[in-house]
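> sequence below, structure please.
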Amino acid sequence: MSQVQTRYWPDLLRVLATCSVIFLHYAAPGTSHPVGSYNFWVGNVLDSAVRACVPLFVMLSGALVLPSDRPLGEYLSRRMSRILAPAAFWSLIYLLYNLYRKDQAEGPLGIGKTVKWSYGQLQLGTEFHLWYLYMIIGLYLFIPILGRWIRAAPRQEIHYFLVIWAVALFASYPLLYKFRVAIELQYFGGYIGYLVLGYYLAQVQYVNRPLAWLAIGIGFIITVVGTYYVTLQNQQFTGTYFNYLTPNVALMAAGIFHLVRNAAPRALGPITTFIAANSFTIYLSHALVLLVFHHNGINGYTIEPLLGIPLMSLICLAISCVIAWLIQKSPLARYIAG
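Modelled structure (predicted):
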């Protein structure tokens, strides 16, 4: 793998994951429509197609951060400084926005209730997408331990971990849950597996594009059909197969990662480069754009969804890029740009 290719494939993966997150959030409301309806199928199919977005971010962290052997203090200072300040800034932005919306709907809460409500918001994230910050901070805290093992581990040990992680993922399937055995596999579970998978796929030298496409196809079909089946059974949307920690989503993420890792172009255009460099800010800010449109009655389903979802996704991406550009030009850029 040439240095040029090595330099550009992570950026392409960042752009793909960032755009997929925005697209997902515009497609997702369709699944709340009656099961089997047109809007349900549009939401189900389009949402399923981009479900690998968050795992791709985590896998990219595994590929880029796990190989580094920085001293612990330097590593923590570097990583936490890039995430804690933006996390605090955007958590406050969404807290204030939601407080404003709540005051508009219910009237002033008073100081006591405002403090209590704000604390509750901050515990899990002040907006729906900020859970990612809490998750990635936890992973970053564990990476120094994981990295020391994985850099010295023979490939057989990494295979061993990934196989058990894959087995643990199957526990999320309701059809298999009744056959479970009380063996505790949580030590191999969670998003740590995506870190290891990203590291592994970035290191392997062989290329198997047909297998990657097969993994994507199988994962996609299971996601679409599985979501329809469990939603039909429960007569309300059930997102079991949308869970990022499922084998079907892991298959899609692995296939996409492998394809991009081995098929990235030798140069990226200025727009793609900008999105890659500002992917964290775009991720954090896009929900604000989405919410403002939503609260004014505009979403991907306002018009024909096959047109509305990509159109609103592009508009949201463009506005988020403008926000990222403005932050870059501000005196606070070094603290909140990530």
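> please make it C-alpha for all contacts and neighbour counts, starting now.
Noted.
> for the nearest residue to residue 186 once chain neighbours are set aside, give me its contacts.
Leaving aside its chain neighbours, residue 186 sits nearest to residue 168 (7.3 Å; criterion: C-alpha to C-alpha, 6 or more residues apart in numbering). Counting by C-alpha atoms under 8 Å, 6 or more residues apart in numbering, residue 168 makes contact with 185, 186, 188, 189.
> and which of those is nearest residue 311?
residue 189 (36.8 Å; C-alpha to C-alpha).
> any quick PyMOL command for the buried ones out of the contacts of residue 168?
Command for PyMOL, covering only those of these found buried under the criterion 16 or more other C-alpha atoms under 10 Å:
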select buried, resi 188+189
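> which member of the contacts of residue 168 is positioned nearest residue 32?
residue 189 (29.1 Å).
> how about that closest one: what's its closest non-neighbour residue?
residue 165 (5.6 Å).
> let me know how buried that neighbour is, in neighbour terms.
25 (other C-alpha atoms under 10 Å).
> quick one, what contacts it?
Applying C-alpha under 8 Å, 6+ apart, the residues contacting residue 165 are 185, 188, 189, 193.
> so which of the residues you listed sits lowest on pLDDT?
Across the set of the contacts of residue 165, residue 185 stands lowest in pLDDT, at 74.
> SS state for the closest residue to that one other than its chain neighbours?
In space, residue 185 comes closest to residue 168 once its chain neighbours are excluded; the distance is 6.0 Å by C-alpha to C-alpha, 6+ apart. Following DSSP: H, G, I helix; E, B strand; the rest coil, the label given to residue 168 is helix.
> may I ask which helix or strand encompasses the most centrally placed residue in the chain?
The centroid of the chain falls nearest to residue 54 when counting by C-alpha atoms, centre = their mean (1.8 Å). Per DSSP states H and E, residue 54 falls inside helix 53-65.
> and the nearest residue to residue 140 once chain neighbours are set aside, what's its pLDDT?
Ranked by C-alpha to C-alpha, 6+ apart and with sequence neighbours excluded, the top spatial neighbour of residue 140 is residue 79, at 7.4 Å. pLDDT for residue 79: 92.
> contacting residues around stretch 256-274?
For stretch 256-274, using C-alpha under 8 Å, 6+ apart, the contacting residues are 4-5, 8-13, 15, 56, 198, 201-202, 207, 209, 212-213, 216.
> wait, stretch 323-338
Against stretch 323-338 from outside (C-alpha under 8 Å, 6+ apart): 81, 82, 83, 85, 86, 89, 278, 280, 281, 282, 285.
> at 7 Å instead, please
Stretch 323-338 is contacted from outside by 82, 83, 85, 86, 89, 278, 280, 281, 282, using C-alpha atoms under 7 Å, 6 or more residues apart in numbering.
> buried stuff in that stretch?
323, 324, 325, 327, 328, 336, 337, 338.
> go on, stretch 249-266?
Buried-residue list, stretch 249-266, by 16+ other C-alpha under 10 Å: 249-262, 264.
> which intervals of the stretch 51-200 of the chain have sub-threshold pLDDT?
176-182 (pLDDT under 70).
> neighbours of residue 322, how many?
13.
> after the helix or strand hosting it, next one along is what?
Remark: residue 322 resides in helix 305-329, with elements defined by DSSP H and E. Sequence-wise, the next helix or strand downstream of helix 305-329 (DSSP H and E) is helix 333-336.
> pLDDT averaged over that following helix - what is it?
85.
> from the chain's centre, how far out does that helix sit?
Relative to its parent chain, helix 333-336 has a centroid offset of 22 Å by C-alpha atoms, centre = their mean, to the nearest Å.
> and what of stretch 131-148?
On the basis of C-alpha atoms, centre = their mean, stretch 131-148 sits 14 Å off its chain's mean C-alpha point.
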